[in-house]
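**Student:** sequence? don't have it. structure:
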């Protein structure tokens with residue numbers, strides 16, 4: 001018997017930090033999704049950083065043996081890069097608050113949805129404020145009422161508890177109402193396997209009938225952090241006019257001059273708010289700060305020809321180092337010395 005598998009969709013992670021494909025994640029397939037795959041005669045294989053989902057088809061007609069439009073497939077993204085949040089624009093609560101991606105709005109594309117908190121069969125929801133009475137209403141992904149819990153006037157308990165035993169894995173939303181109307185909405189996610197695997201993000205794909213004819217390439221997209229780039233130049237044996245002549249410029253010939261990065265210069269006694277203290281950079285040495293006028297997105301390969309020189313024609317360092325993934329801040333300390 002000939003068995004033929006054809007592509008249904010691919011799932012990958014995109015990140016603007018990387019010049020090529022992001023390989024910081026591995027895919028986790030919980031048992032509920034594995035059961036859906038078996039039901040639909042689907043096969044999932046991870047290859048070259050992407051998850052390929054295939055359907056079994058008749059060898060002669062190429063038609064699928066089974067169709068499962070509307071099937072909801074849930075995947076976890078397990079993070080393998082400990083420096084990920086250093087260069088990625090994530091919520092301050094990450095990884096406790098986990099990004100979630102769905103194709104609910106457009107079957108052929110993933111879009112970010114409100115982040116979720118992983119919970120078990122029972123969990124406590126912390127109320128958003130002291131006002132009472134406060135009522136928290138728990139609903140599933142379809143809007144079905146699961147439970148309500150109320151703290152009456154005079155009850156200062158900070159949280160309410162919910163029990164999801166007997167309810168399926170997936171998304172649950174709590175709407176909280178206090179005097180003045182609905183003031184808080186939080187998303188929770190019940191999936192013991194993804195919780196046990198410490199998945200850093202969740203992807204939900206609802207299979208569309210159109211996938212069988214035109215398999216989409218779905219991507220969960222992350223964005224690089226945008227930060228002000230700061231160069232602290234420790235100028236050993238530089239003083240007077242020579243020190244004053246130091247400058248950092250963007251001389252990348254591939255970038256139009258109007259789009260090049262402009263750096264402001266700050267003396268050690270006038271560093272802007274948020275900068276490192278000059279005495280911590282180098283005690284007893286002259287330190288000059290060159291800071292980009294606006295935030296720049298972090299890049300894996302950095303920028304070319306950000307250079308340190310004197311005036312306009314004397315280049316001392318043609319390519320200044322860029323902040324690496326292990327750096328939480330875009331601060332670079334450069335030591336410059338004369339013989």
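**Tutor:** Looks like it arrived, so ask away. No experiment lies behind these values; they were computed from the predicted model shown.
**Student:** so which elements touch the helix-or-strand element of the chain with minimal mean pLDDT?
**Tutor:** Of the helices and strands making up the chain, the lowest-confidence element is strand 181-190, at a mean of 90, by mean pLDDT, DSSP states H and E. Helices and strands touching strand 181-190, as assessed by 3 or more Cβ pairs under 8 Å, 6 or more residues apart in numbering; DSSP states H and E, comprise strand 98-102, strand 111-119, strand 122-126, strand 170-178. Using the backbone N, CA and C atoms, a C-beta is placed for each residue, glycine as well.
**Student:** can you list the low-confidence ranges for the protein?
**Tutor:** Counting by pLDDT under 70, the chain contains low-confidence residues at 1.
**Student:** in it, which spans are helices?
**Tutor:** Across the chain, reading from the start of the chain, the helices by DSSP state H fall at 31-39, 84-87, 192-196, 240-244, 278-281.
**Student:** quick one: closest of those to residue 172.
**Tutor:** Closest to residue 172 of these, according to Cβ to Cβ: helix 192-196, at 13.5 Å.
**Student:** and the closest one, what does it pack onto?
**Tutor:** Taking 3+ Cβ pairs under 8 Å, 6+ apart as the contact definition, the neighbouring helices and strands of helix 192-196 are strand 72-79, strand 111-119.
**Student:** indicate each strand paired with the shortest one and its parallel or antiparallel sense.
**Tutor:** Next to strand 72-79 in the sheet, as set by DSSP bridges, lie strand 25-28 (antiparallel), strand 201-206 (antiparallel).
**Student:** please identify the deepest-packed of those strands.
**Tutor:** When you average the neighbours per residue for each of the strands paired with strand 72-79 (mean count of other Cβ atoms under 10 Å), strand 201-206 leads with a mean of 22.
**Student:** what does that strand rub up against?
**Tutor:** Counting by Cβ atoms under 8 Å, 6 or more residues apart in numbering, the neighbours of strand 201-206 from elsewhere in the structure are 9, 11, 25, 70-77, 79, 98-104, 107, 110, 116, 170-171, 189, 191, 194, 218, 220.
**Student:** I'd like to know which of the helices and strands packed on helix 192-196 lies nearest to residue 236.
**Tutor:** Taking Cβ to Cβ as the criterion, strand 72-79 is the member of these that comes nearest to residue 236, at 40.7 Å.
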